[in-house]
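Undergrad: Pasting the sequence and the predicted coordinates here, then a few questions.
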Amino acid sequence: LSLALLRYIRGPTTRTAIPVGLSCGVGLTVSLTAFVLVPTSAAIVLLVGWRHLARALRHVLLIGASSWVVVWLLYRLVSPFPVVRHTEPVPAGPVPLLARLARLVPWPPEYDYGIGKQALIAAKPGRAYLLGQAWEGARWWFWPGSMLVKLPASALLIVLVGLVCWRKLPRRTISEAALVLGAPAVALTAFIIPQPRQLGLRYLLPVITLAIVAGSPAVRLVGKAVIGRVALALLLTAQLFWFWESTPRSLAWTAPPFRPGYQVAANSNLDWGQDLYRLRDWIRHHPDAVVFYFGTVDPRSVLTASRSFSATAERGRLPEGWYAVSASHLTDWSSKSLAWLRAYCPVGLIGDSVLVYRFRDAPDRGLRGADKPPAVCREAFSRVVNTGSGPRT
């Protein structure tokens, strides 16, 4: 989209307006956050062509129409004759204004259903966890904090140095970059940050990509000096090292010194259920384990040999033995009901997202641990190490 906008700015014609609309359409099929890119693109077109307003308005209509056609075309290529069945009910609550406006357009019925459902989910405040703190709703520092936790320092340094080097660029280059990189990044950021459900940095991935491109003027700084070339080589080497080091558990990867990851992050910053099959392999050797799994897949279809944590908890007394609990449940989604478990130290990890506990005796559900879970025990059995400052429940 940025490249299409750049070509339009340098030559505002119908031929260059079409790729802008096609890019917006592809973006709409990838993520609903791309809805903000359509009016942003239209605003850039109007700003560039204000002296020829009639032509600019035609191009705006062309961008809107072509993005709409792309959504229909791609959906019908995937499913030519759909029978739309809503597998889950839409949550109750008022639909936000932006979603209501978006649904005035005649979208494919399954796409329209997705707009309404996702808007209701996003508008409902949810639990969040980062850097040892849990809360309800939105906090502004969640996003910069997530960048520190999830992005290598080398990437952040490239962006910062590159932005400093902007002052040495020609004025025309700066204005073009501000439109095609800055405007989409600002629009996406302004749309995402106020959301009361903070699930992870993945929502800002397009902004991070634009920021890295905006950091490219750093090459000008190091282009001639030997020391600059060496510094750039070291940064690139560091990037490749972190890429290699994150394999094969890249979703749960956190930048040093923010480790172990389950102490500083949750949800899609760490655990979105990706270790389900590693958990299955562990259960084969621990068939009586109690499991509390977080993910988008029904664990009963995979973890056939384990005992359900929720079913066990309903009977009042928890058994001794092995427990496997997803990090996102422990610190986020079920952080209140599992406060007692955070008082105990785990004895191991499955992947990087499932904590393993082993109790010699029945655990005490009257304890209350701090928001931040303790580090892994050196002993064979879990013990109380983290009672926090709150009262017993």
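TA: Looks like it came in fine.

Undergrad: what about the strands in the stretch 251-393 of the chain?
TA: Along the stretch 251-393 of the chain, counting by DSSP state E, counting those that start in this stretch, strands occupy 290-292, 307-308, 321-326, 348-350, 354-359.

Undergrad: Please identify which of the ones you listed is closest to Leu6.
TA: strand 321-326 (43.5 Å; CB to CB). No exception for glycine: its C-beta is placed from N, CA and C like everyone else's.

Undergrad: Now do the closest one: distance to the chain's middle.
TA: 26 Å (CA atoms, centre = their mean, to the nearest Å).

Undergrad: Let me know the average pLDDT across stretch 348-363.
TA: What stretch 348-363 shows for mean pLDDT is 94.

Undergrad: cool, stretch 208-228 as well?
TA: 82.

Undergrad: Tell me the span between the first and last residue of stretch 272-281.
TA: 18 Å (CA to CA, to the nearest Å).

Undergrad: What of stretch 95-114?
TA: Using CA to CA, first and last residues of stretch 95-114 are 12 Å apart.

Undergrad: Distance check, Ala370 against Gln133.
TA: 10 Å (CB to CB, to the nearest Å).

Undergrad: In this structure Pro152 contacts Thr254, no?
TA: No: applying CB atoms under 8 Å as the test, Pro152 and Thr254 come out as separate, 10.3 Å apart.

Undergrad: can you pull the contacts of the closest residue to Arg58 other than its chain neighbours?
TA: Among residues not flanking Arg58 along the chain, Thr14 sits closest, at 7.6 Å (CB to CB, 6 or more residues apart in numbering). By CB atoms under 8 Å, 6 or more residues apart in numbering, the contact set of Thr14 is Arg58, His59, Leu62.

Undergrad: Find me the pLDDT at the first one, would you?
TA: The one in question is Arg58. 96.

Undergrad: Then it would be within a helix, right?
TA: Yes: judged by DSSP: H, G, I helix; E, B strand; the rest coil, Arg58 forms part of a helix.

Undergrad: Look up how far Arg139 lies from it.
TA: 44 Å.

Undergrad: can you pull out the helices in the stretch 101-250 of the chain?
TA: With DSSP state H, counting those that start in this stretch, the ranges of helices along the stretch 101-250 of the chain come out as 109-123, 142-150, 153-164, 171-177, 183-192, 205-214, 218-222, 226-245.

Undergrad: Mind giving me the packing neighbours of the longest one?
TA: Pointing back at helix 226-245 there. helix 153-164, helix 218-222 (3 or more CB pairs under 8 Å, 6 or more residues apart in numbering; DSSP states H and E).

Undergrad: Surely Val149 is in contact with Ala265?
TA: Yes: Val149 lies in contact with Ala265 (CB under 8 Å); the separation is 5.5 Å.

Undergrad: Are there residues contacting both of the two? Which ones?
TA: Each of Leu130, Thr254, Phe258 lies in contact with both Val149 and Ala265 under the rule CB under 8 Å, 6+ apart.

Undergrad: Excluding sequence neighbours, find me the nearest residue to the second one.
TA: If I follow you right, that is Thr254. Gly261 (4.1 Å).

Undergrad: ditto for the first one
TA: Spatially, and ignoring its direct neighbours in sequence, Leu130 is nearest to Gly145 (5.2 Å; CB to CB, 6+ apart).

Undergrad: circling back to that earlier point, looking at the shared contacts of Val149 and Ala265, which has the most residues close by?
TA: Leu130 (27 neighbours; other CB atoms under 10 Å).

Undergrad: so what's that residue up against?
TA: Phe142, Gly145, Ser146, Val149, Val264, Ala265, Ala266, Asn269.

Undergrad: before we move on, what about Trp340?
TA: Contacts of Trp340 (CB under 8 Å, 6+ apart): Pro363, Asp364, Arg365, Gly366, Leu367, Arg368, Gly369, Thr393.

Undergrad: Export those residues as TSV, with columns for distance to Leu3 and neighbour count.
TA: Formatted as TSV, the contacts of Trp340 follow (distance: CB to CB, whole Å; neighbours: other CB atoms under 10 Å):
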residue	distance to Leu3	neighbour count
Pro363	56	22
Asp364	59	13
Arg365	56	18
Gly366	60	10
Leu367	56	19
Arg368	53	18
Gly369	50	23
Thr393	55	11
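
Undergrad: Pull the number of nearby residues for Trp140.
TA: Neighbours of Trp140 (other CB under 10 Å): 9.

Undergrad: now do Asp361
TA: For Asp361, the count of nearby residues is 8 (other CB under 10 Å).

Undergrad: Surely it is in contact with Glu320?
TA: Yes: at 5.4 Å, Asp361 counts as touching Glu320 under the criterion of CB under 8 Å.

Undergrad: Helix or strand, whichever it is, which one in the chain has the lowest mean pLDDT?
TA: Every helix and strand of the chain was ranked by mean pLDDT, DSSP states H and E. The lowest is helix 309-313, at a mean of 50.

Undergrad: Give me the residue at the spatial middle of this structure.
TA: By CA atoms, centre = their mean, the chain has its centre lying nearest to Arg202, at 2.4 Å.

Undergrad: Quick one: low-confidence residue ranges for the stretch 51-200 of the chain.
TA: For the stretch 51-200 of the chain, the stretches with pLDDT under 70 are 86-91.

Undergrad: Could you do the stretch 201-350 of the chain as well?
TA: If you take pLDDT under 70 as the line, the stretch 201-350 of the chain has these spans: 221-224, 305-316.

Undergrad: Ignoring the adjacent residues along the chain, who's closest to Leu62?
TA: Nearest one to Leu62, counting by CB to CB, 6+ apart, is Ala17 at 5.2 Å.

Undergrad: pLDDT score assigned to the one you found?
TA: pLDDT, Ala17: 96.

Undergrad: That one: neighbouring residues, count only.
TA: 26.

Undergrad: need the contact list for it.
TA: Contacts of Ala17 by CB under 8 Å, 6+ apart are Tyr8, Val45, His59, Leu62, Ile63.
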